[in-house]
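Chemist: Build the 3D model from these lines:
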Amino acid sequence: MLAINWITSGERVSPCPACHAGGHKRHLLDTSFDAPGAARTVALLQCGDCGARYADPVVAVDYHDIDQDGMRYYVEQGAGIDVMLEPFALLDRRPVAKYLEVGCSFGFAMAYARRALSWEVLGFDPGFVAAAGRRMLGLPIEPRLLDEEAVPEGGFDLVFCSEAIEHIAQPDAFIVILRRALNERGVLLLTTPDGDAVTPDQRPELLLPVLSPSQHVILYNAGAIETLLRRHGFVDVRVRKNATQLQIVAARTPLGEPAAYFSRARYRAFLQDELAAHRDDTELTAGFGYRLLCEDVNAGSFESAAATYQRLRDTYRTVYGYDIETADAVPLPAPANLSLSQYGERLPFNLCGVWYCRGIIALLGDRDFAAAAGYFAAAMCVGGVLRAILNAIGTDDISIANFCREAETARFSALAQSDPAEAVRALHALPQNTKGNRARLQRRLFIDLINLGHFAAAEDVLPPVEAAIDADTLPAAIAYGRYLLVHKKDAAAAASVFARLRAATIDDPNLAGWLREVELVQLAALAFADPPASLAAMREVAANRGRLASAIFAAHRSLAAHQLFTDLANLGHLDVAEQVIAAYGPPIEQPIDVNNASTAKAYGVYLLNHQRDPAAASKILAGTRDVVLAELTAKPDDVGLVGLLRETEIALLTALAFVGRKEALAAIEDISLNRAGFDADAFAAHLQRVRLRAAELFTDLGYEAG
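Modeler: Predicted coordinates:
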């Protein structure tokens, strides 16, 4: 079991293994963990000269033995193949023919270099996992450490060393060997944990893999690794931070513009090719298939994702004897006293991610919200079991931790759509905690319920209104304003909320992306609460206080003016709506389509009731009706479109009645054809309303009844 004790103040005299500076070093923390034979305690010190953190004392590790239990876990789940390959995007356009990887582990990056890039590859790694990769992937991996005699001097165009240098207690000698292997224009590519990520407030699932106290001996920050490389003749060193990882590219000649050695499309094609090449190997099918599933789900390619999921489902049924499609039928063990290998005998290591992806397919692809909620709950459960086992041996899995967190959020989104009352009950069943997770979920559920129109349920999870607005609380604050406007019918209070949010988004560049949405909802609230004030707010929008880019601002200004006109016209504030037209032009500047149909309908009403031009109004309203009817053929259940069609047909009848009796009768006859295909009861109710309106108009206009 791993225990971390943070040291608030303390020093030790120790030479830094990264820069060799002597003297006092800051004592950051102690880690206690089980090692072969006895418990061990290791200090983590920080060098004040170069910034590197390092273990004191260094703990020797037998990587051959330590990897045996984790081999299947690494292949199926643990290896972040895309994260390994992302640093390839840092490489410039100089040609690569010969590729050397040091500490290659299973060889996933070597396999990509060979298959996707057609490079000649060679790897060095003495570990058990590397031996398995050599056998299973057919890779040229030497089962030993790299030394000066192992490869020819200057024999390689690219040397890649991923997550290895942090294991090396004598980095200078190691860098000498790596440099010797490179030709004059060769490039060194490294990744290593970012030592600056070691802070007391760091999330455990991020902190533990960085520390790995039984394995990592030096944790570099950007300055320390650059200093080390420049000391050995690398004149161009570039460091990129990626979450808790450093990605470093270095060369003895200046680097040029990046090439395209890595892309998501190239990575996906690699996964497909490897999956096809190893279809008879259940472990490789699980590993490559799972990562392909994640790629397709992230890209929204749900049909492809479903096919890959089915292949994993068949594989797991063969290996384990149960069907993962029925999550309740999968026997989940308790983590207590369960080793990593024992877990793997019972369950696929990647089942958490597979079930999460299955939930996303159900949620966004199949729109089966109840099923999605079940898969997300199962993903959280199985992920929790595996993380407990990993935590017990002093590490964690960032990917599984993220899946568990995202699954919990997605479960509430699915429940909000399938069973709002159950979503509320599930939230209230969560334990109160001090880390903000429950508050985050409460805000997310509130937003979903408001957006779905479940206002009564949303009242039961109403989040506190934060005095300070930040990126976490702003979306919930916007939803709260909508709740006041739509459900509580308190437009003035809603407008006040939105005014405060607008001030926050303009003043804080981190919130600027929300400015447009906030300005639109503020205008909507003011159209109800104070129509003249909405004109002043529109002038503020037109002033571009948020300094939006010209094209984005032009589109936003146009949308804001059209929306404000629509709201004012629909509310009967036609004098104020006329001022919007005078200041910002006609609300319909293009052919009517489904995106501007609501505005077109409002403009037709304005032309009829304010401009007294029934001929122009009927033309606009007829065009609007045609567009809405066409859209309803593809979306017959769209409640908004159905309501818009009914209101447009009533307005069109009214305009045509002012044109003439014959035109009004023709409109009634056309409406009677039920072109939208409403069901009998709904159509009968609409037609009755049309006829009542026609009777009123005929009486007022002195027409003979039709």
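
Chemist: Who is Val121 paired with across the strands?
Modeler: Val121 has these beta-bridge partners by DSSP bridges: Tyr99.

Chemist: Contact partners for it?
Modeler: 99-101, 110, 113-114, 139-140 (CB atoms under 8 Å, 6 or more residues apart in numbering). Every residue, glycine included, has its C-beta placed from N, CA and C.

Chemist: Let's see that with 10 Å instead.
Modeler: Contacts for Val121 (CB atoms under 10 Å, 6 or more residues apart in numbering) come out as 98-101, 104, 107, 109-115, 139-141, 156, 158, 160.

Chemist: And it, how far from Phe108?
Modeler: With distances taken as CB to CB, to the nearest Å, Val121 is found 12 Å from Phe108.

Chemist: returning to that earlier point: is there a quick PyMOL command that grabs whichever of the contacts of Val121 are buried?
Modeler: Selection of buried members from the contacts of Val121 for PyMOL, criterion 16 or more other CB atoms under 10 Å:
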select buried, resi 98+99+100+101+104+107+109+110+111+112+113+114+115+139+141+156+158+160
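
Chemist: Please enumerate the shared neighbours of Val121 and Phe108.
Modeler: Contact with both Val121 and Phe108 is made by residues 101, 139, according to CB under 10 Å, 6+ apart.

Chemist: Could you pick out which of the contacts of Val121 are located in strands?
Modeler: Per DSSP state E, strands hold the following members of these: 98-101, 141, 156, 158, 160.

Chemist: Taking those residues, tell me the two that lie furthest apart.
Modeler: Comparing every pair within the ones in strands among the contacts of Val121 by CB to CB identifies Ile141 and Leu158 as the most remote, at 16.6 Å.

Chemist: can you pull out the strands in the stretch 601-706 of the chain?
Modeler: Taking DSSP state E, counting those that start in this stretch, the stretch 601-706 of the chain contains no strands at all.

Chemist: cool, and the chain?
Modeler: Applying DSSP E to the chain gives strands spanning 3-6, 11-13, 24-35, 38-46, 53-56, 98-102, 120-124, 141-142, 156-162, 182-193, 218-219, 236-242, 245-251.

Chemist: Can I get these in a markdown table including mean pLDDT and distance to Gly289?
Modeler: Compiled in a markdown table, the strands of the chain are given as follows (pLDDT from 0 to 100; distance: least, CB to CB, whole Å):
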| stretch | mean pLDDT | distance to Gly289 |
| --- | --- | --- |
| strand 3-6 | 92 | 36 |
| strand 11-13 | 93 | 49 |
| strand 24-35 | 88 | 34 |
| strand 38-46 | 87 | 38 |
| strand 53-56 | 94 | 37 |
| strand 98-102 | 98 | 24 |
| strand 120-124 | 98 | 23 |
| strand 141-142 | 96 | 23 |
| strand 156-162 | 97 | 23 |
| strand 182-193 | 97 | 25 |
| strand 218-219 | 96 | 34 |
| strand 236-242 | 95 | 25 |
| strand 245-251 | 97 | 25 |
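
Chemist: Of the ones you listed, give the one that comes closest to Ile592.
Modeler: Of the strands of the chain, nearest to Ile592 by CB to CB is strand 236-242, at 47.2 Å.

Chemist: Now tell me what touches stretch 322-332 from outside.
Modeler: With contact meaning CB under 10 Å, 6+ apart, stretch 322-332 is reached by 309-310, 312-317, 320, 346-348, 351, 354-355, 358-359, 371, 374-379, 381-382, 384-385.

Chemist: tell me how far that stretch is from the chain's mean position?
Modeler: Mean C-alpha position of stretch 322-332 versus that of the full chain (CA atoms, centre = their mean, to the nearest Å) differs by 27 Å.

Chemist: for stretch 100-119, same thing?
Modeler: Between the centre of stretch 100-119 and the centre of its chain there are 28 Å (CA atoms, centre = their mean).

Chemist: Ok, stretch 568-588 next?
Modeler: Relative to the chain's own centre, stretch 568-588 is displaced by 39 Å; criterion: CA atoms, centre = their mean.

Chemist: List the buried residues in it.
Modeler: Neighbour-count burial for stretch 568-588 [16+ other CB under 10 Å]: 568-570, 573, 576-581, 584, 587-588.

Chemist: now do stretch 548-561
Modeler: Of the residues in stretch 548-561, those buried (16+ other CB under 10 Å) are 548, 553, 556-557, 559-561.

Chemist: Redo the residues you listed as CSV? Include distance to Ala667 and pLDDT.
Modeler: CSV is the format used below for the buried residues of stretch 548-561 (distance: CB to CB, whole Å; pLDDT from 0 to 100):
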residue, distance to Ala667, pLDDT
Leu548, 43, 89
Phe553, 41, 93
His556, 37, 95
Arg557, 36, 95
Leu559, 31, 94
Ala560, 33, 96
Ala561, 30, 96
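
Chemist: quick one: which of those sit in helices?
Modeler: Judged by DSSP state H, those include 553, 556-557, 559-561 as members of helices.

Chemist: Alpha carbons only: can I get stretch 630-643 in PDB?
Modeler: Output in PDB follows, covering the C-alpha atoms of stretch 630-643 (Å, rounded to 0.1, in the frame of the first residue of the first chain):
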ATOM      1  CA  ALA A 630     -40.600  20.500 -45.900                       C
ATOM      2  CA  GLU A 631     -38.600  20.300 -42.700                       C
ATOM      3  CA  LEU A 632     -41.400  18.400 -40.900                       C
ATOM      4  CA  THR A 633     -41.200  15.600 -43.500                       C
ATOM      5  CA  ALA A 634     -37.700  14.800 -42.000                       C
ATOM      6  CA  LYS A 635     -38.600  15.700 -38.400                       C
ATOM      7  CA  PRO A 636     -42.300  14.900 -37.900                       C
ATOM      8  CA  ASP A 637     -42.000  14.800 -34.100                       C
ATOM      9  CA  ASP A 638     -40.200  18.200 -33.700                       C
ATOM     10  CA  VAL A 639     -42.500  20.000 -31.300                       C
ATOM     11  CA  GLY A 640     -41.000  23.400 -32.100                       C
ATOM     12  CA  LEU A 641     -41.600  23.000 -35.900                       C
ATOM     13  CA  VAL A 642     -45.200  21.700 -35.300                       C
ATOM     14  CA  GLY A 643     -46.000  24.800 -33.200                       C
END
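
Chemist: Quick one: neighbours of Arg231, just the number.
Modeler: Residues near Arg231, counting by other CB atoms under 10 Å, number 14.

Chemist: before we move on, what about Gln432?
Modeler: Per other CB under 10 Å, the neighbour tally for Gln432 reads 6.

Chemist: One more: Arg279?
Modeler: Arg279 has 14 nearby residues by other CB under 10 Å.

Chemist: pLDDT wise, what is the residue nearest to Pro193 when sequence neighbours are not counted at?
Modeler: What sits nearest to Pro193 in space, not counting adjacent residues and going by CB to CB, 6 or more residues apart in numbering, is Val210, at 4.3 Å. Looking at Val210, its pLDDT is 94.

Chemist: residues contacting Val210?
Modeler: 53, 166, 192-198, 202, 216, 219, 244-245, 396, 398 are the contacts of Val210 under CB under 10 Å, 6+ apart.

Chemist: same thing but 6 Å
Modeler: 193, 197, 244 (CB atoms under 6 Å, 6 or more residues apart in numbering).

Chemist: Now the last one: closest residue in space, sequence neighbours ignored.
Modeler: Leaving aside its sequence neighbours, Thr244 sits nearest to Ala197 (CB to CB, 6+ apart; 4.0 Å).

Chemist: State the distance from that neighbour to Ala222.
Modeler: The gap separating Ala197 from Ala222 is 11 Å, by CB to CB.

Chemist: okay, these two: which has more neighbours?
Modeler: Using other CB under 10 Å as the criterion, Ala197 and Ala222 rank with Ala197 on top: 21 against 17.

Chemist: Give me the distance between Ala569 and Asp626.
Modeler: Relative to Asp626, Ala569 is positioned 20 Å away (CB to CB).

Chemist: now swap in Glu142 and tell me
Modeler: From Glu142 to Asp626 the distance is 72 Å (CB to CB).
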